[in-house]
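S.K.: sequence? don't have it. structure:
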């Protein structure tokens, strides 16, 4: 077995690099469910690190429910490892940014209120004035008990009367906009980038400090190019992977079904 590539000049902690590599190997089924991992001595030798560093990586995997330690026996792959959402289709489907099937991602509303004192870019993207009332919704997305993402949305209160007091249908903003308000987006402009997590995001997503997050932010529009919603969603970079479908167009390849 070849030595694993650990970048010792990277700002990413070595234990986290090992944790990520082990998680990828487990996802690839290098070891079967309930199978015992190599010993700490063997893994430390494989990654060319101390046992202390190796134990940090294993502790994170155990915290995430990927492995479990059995006293006097060793470390084993859990029969139902922590979920890893693979190849989420990034397309506009029924007003949602992410096609969730076949994954059942549940949303929990954390905040739903009228806000006025917010960042200027929110007003700019929604083409509103600083004294306009805006509905703010913050949600936590979870798969099989594991937090995957934190989403924030802003919508002009003028087009969604009393939304701040209206329970979301299935905790879905897009379903609520379509069924209750008859609002549907016909165009979405999104941007994706990788950012560092803050302490509050680590607490919500139950991830290690400095876990990379995939930030998707953008604006949805009506037919007449009027903004409907401005949003940003932070996905745990160690738990999701997106698939982009692109097809040829006159001016190059574009993302789409």
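M.R.: That came through fine. This structure is a prediction, so every number in the text was calculated from the model and none was measured. Numbering: from 1, shown residues only.
S.K.: quick check, residue 220 in a strand?
M.R.: Yes: assessed with DSSP: H, G, I helix; E, B strand; the rest coil, residue 220 lies in a strand.
S.K.: how close does it sit to residue 121?
M.R.: Applying Cβ to Cβ, to the nearest Å, the value for residue 220 to residue 121 is 16 Å. To be clear about C-beta, it is placed using only N, CA and C from the backbone, and glycine gets the same treatment.
S.K.: quick one: which of the two has more around it?
M.R.: Per other Cβ atoms under 10 Å, whichever of residue 220 and residue 121 has more neighbours is residue 220, with 24 against 11.
S.K.: quick check: the more buried one touching residue 228?
M.R.: Yes: Residue 220 lies in contact with residue 228 (Cβ atoms under 8 Å); the separation is 4.7 Å.
S.K.: give me the common contacts of those two.
M.R.: Jointly contacting residue 220 and residue 228 under the rule Cβ atoms under 8 Å, 6 or more residues apart in numbering are residue 185.
S.K.: low pLDDT regions in the stretch 151-257 of the chain?
M.R.: For the stretch 151-257 of the chain, the stretches with pLDDT under 70 are 210, 253-257.
S.K.: ranges for the strands of it?
M.R.: Shown for the stretch 151-257 of the chain, the strands assigned by DSSP state E, counting those that start in this stretch span residues 187-196, 212-221, 227-236, 240-243, 246-249, 252-255.
S.K.: would a markdown table of these with distance to residue 151 be doable?
M.R.: Listed next are these as a markdown table, based on distance: least, Cβ to Cβ, whole Å:
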| stretch | distance to residue 151 |
| --- | --- |
| strand 187-196 | 13 |
| strand 212-221 | 9 |
| strand 227-236 | 4 |
| strand 240-243 | 13 |
| strand 246-249 | 24 |
| strand 252-255 | 20 |
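S.K.: so which of these is nearest residue 29?
M.R.: strand 240-243 (16.1 Å; Cβ to Cβ).
S.K.: counting contacts, what elements does the closest one pack onto?
M.R.: The contact analysis (3 or more Cβ pairs under 8 Å, 6 or more residues apart in numbering; DSSP states H and E) places strand 240-243 against strand 85-93.
S.K.: again, only this time at 10 Å
M.R.: strand 85-93, strand 96-99, strand 212-221 (3 or more Cβ pairs under 10 Å, 6 or more residues apart in numbering; DSSP states H and E).
S.K.: how far away from the center of its chain is it?
M.R.: 9 Å (Cα atoms, centre = their mean, to the nearest Å).
S.K.: and it, what's buried?
M.R.: Residues of strand 240-243 classed as buried under the neighbour-count rule (16 or more other Cβ atoms under 10 Å) are residue 240.
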